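Enquirer: Starting from these lines, generate the structure:
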Amino acid sequence: MATLDTFKLLVAETAGVADATLSSFIERATLRLTADQWGAAYEDAVCYMAGHLLCMSRHGASQGRAAAAGGGIASETVPAGHSRSYSAPTTRTTEEAMLAATAPGRDFLALRAQAVIGPQLVAPA
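Expert: Residues are numbered from 1 along each chain as shown. Coordinates of the predicted model:
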């Protein structure tokens, strides 16, 4: 199982968050991943997934869903201009787009590309 020390080392977003809160995110992440599929990369994968879940809880899952639906917000003008533009949607899956919405999620995707062979299932939030 991932340790708090490893989590804090790999995921900058853990700074200032109580250990009990971090532990709960680690526990949630372990329910989504299997050690058999990740092998030696399991601890890092759990840490990155836990960091992604932490970030999504802070910034709202709606930000990730917007990125998954059609590209993230590329520019915004407020309040008088009321202008918003979006980046072009990509061909990645909804799961990948949700993960790409946070820095730890992107680290998770990069690690998955290196460590996992075959289909990878991640339970929905």
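Enquirer: Quick check: Leu22 vs Thr6, distance?
Expert: 11 Å (CB to CB, to the nearest Å). For every residue, glycine as well, the C-beta is placed using N, CA and C.
Enquirer: For these two, indicate the residue with more neighbours.
Expert: Leu22 (20 against 15; other CB atoms under 10 Å).
Enquirer: which parts of the helix or strand hosting Pro104 are buried?
Expert: Per DSSP states H and E, Pro104 falls inside helix 103-115. Using 16 or more other CB atoms under 10 Å as the test for burial, helix 103-115 gives Pro104, Gly105, Asp107, Phe108, Leu109, Leu111, Arg112, Ala115.
Enquirer: same thing with stretch 36-45?
Expert: Buried residues in stretch 36-45, counting neighbours by 16+ other CB under 10 Å, are found at Gln37, Trp38, Ala41, Tyr42, Glu43, Asp44, Ala45.
Enquirer: shaky segments in the chain?
Expert: 1, 60-92, 116-125 (pLDDT under 70).
Enquirer: Could you pull out the strands in it for me?
Expert: Ranges of strands in the chain, per DSSP state E, are 73-77, 83-86.
Enquirer: how about Cys55, what does it touch?
Expert: For Cys55, the contact set (CB atoms under 8 Å, 6 or more residues apart in numbering) comprises Glu13, Ala101, Thr102, Ala103, Pro104, Gly105.
Enquirer: one more time with 10 Å
Expert: For Cys55, the contact set (CB atoms under 10 Å, 6 or more residues apart in numbering) comprises Val11, Glu13, Phe25, Gln63, Gly64, Ala101, Thr102, Ala103, Pro104, Gly105.
Enquirer: okay, the residues you listed in CSV with distance to Glu95 next?
Expert: Shown next, in CSV, are the contacts of Cys55 (distance: CB to CB, whole Å):
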residue, distance to Glu95
Val11, 19
Glu13, 20
Phe25, 18
Gln63, 15
Gly64, 10
Ala101, 11
Thr102, 13
Ala103, 17
Pro104, 15
Gly105, 10
